[in-house]
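*Asks:* here's my sequence, what's the structure:
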Amino acid sequence: MCDYDQDDYGGEVCTLYINKWVRAARKEHLCRSCGVTVKAGERYMRHFNLYDGEVTTEKVCFVCGDAIEEFGRLHSFVPGTPGDTPRILEECIENGDEVSRAKWAPILSTIEARRLRR
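*Replies:* Reported below is the predicted structural model:
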């Protein structure tokens with residue numbers, strides 16, 4: 001597995017709090033990871049993040065949300081914000097071993113393909 005961890009953010013100790021909710025969209029939203037449109041009535045994940053004193057709220061489709069949760073489970077932390085997911089997966093693939101590449105390359109390819117379809 002790659003050695004990507006929270007210390008990759010400059011080695012600083014920062015507060016990171018993440019909470020997520022599953023919601024039904026009242027209007028169209030764009031997934032912050034892949035950019036696909038979440039249509040009104042579809043379910044999506046809403047992430048609330050507090051990192052180093054900065055608050056963000058991002059919406060993410062279930063394909064990307066599942067990838068974020070799986071990465072976090074295998075690395076024992078949640079990797080930043082949904083908008084960071086493609087970059088973090090790229091770094092893990094680039095710096096990891098063959099197991100990392102085999103695990104995350106198809107997921108990154110799916111996210112990139114969804115980004116091209118929007």
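*Asks:* what's the burial count for K103?
*Replies:* 19 (other CB atoms under 10 Å). Backbone N, C-alpha and C define where each C-beta goes, glycine included.
*Asks:* that one and V22, how far apart?
*Replies:* Noted for K103: a distance of 25 Å to V22, by CB to CB, to the nearest Å.
*Asks:* try E70
*Replies:* Where V22 is concerned, E70 sits at a distance of 16 Å (CB to CB).
*Asks:* can you check D52 too?
*Replies:* 26 Å.
*Asks:* cool, and L50?
*Replies:* Separation of L50 from V22 (CB to CB): 20 Å.
*Asks:* same question for R46.
*Replies:* In this view, R46 and V22 are 8 Å apart by CB to CB.
*Asks:* surely R46 touches W21?
*Replies:* Yes: counting by CB atoms under 8 Å, R46 touches W21, with 4.9 Å between them.
*Asks:* looking at those two, which is more packed in?
*Replies:* Neighbours were counted for R46 and for W21 using other CB under 10 Å; R46 has more, 17 against 10.
*Asks:* tell me the helix or strand right after the helix or strand encompassing the more buried one.
*Replies:* Here R46 sits within strand 43-51, counting by DSSP states H and E. Following strand 43-51 in sequence order, the next helix or strand is strand 54-60 (DSSP H and E).
*Asks:* can I get the next helix or strand after that following strand as CSV, trimmed to CA atoms?
*Replies:* Tracing the chain C-terminally past strand 54-60 and defining elements by DSSP H and E, one meets helix 62-75 next. Only the C-alpha atoms of helix 62-75 are listed here, as CSV (Å, rounded to 0.1, in the frame of the first residue of the first chain):
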residue,chain,number,x,y,z
PHE,A,62,-21.9,8.0,-4.5
VAL,A,63,-19.2,6.6,-6.9
CYS,A,64,-16.7,9.2,-5.6
GLY,A,65,-18.0,9.0,-2.0
ASP,A,66,-17.4,5.3,-2.0
ALA,A,67,-13.9,5.7,-3.2
ILE,A,68,-13.1,8.3,-0.5
GLU,A,69,-14.5,6.1,2.2
GLU,A,70,-12.6,3.0,0.9
PHE,A,71,-9.3,5.0,0.7
GLY,A,72,-9.8,6.3,4.2
ARG,A,73,-10.6,2.8,5.6
LEU,A,74,-7.5,1.3,4.1
HIS,A,75,-5.3,4.3,5.2
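*Asks:* many thanks, have a good one.
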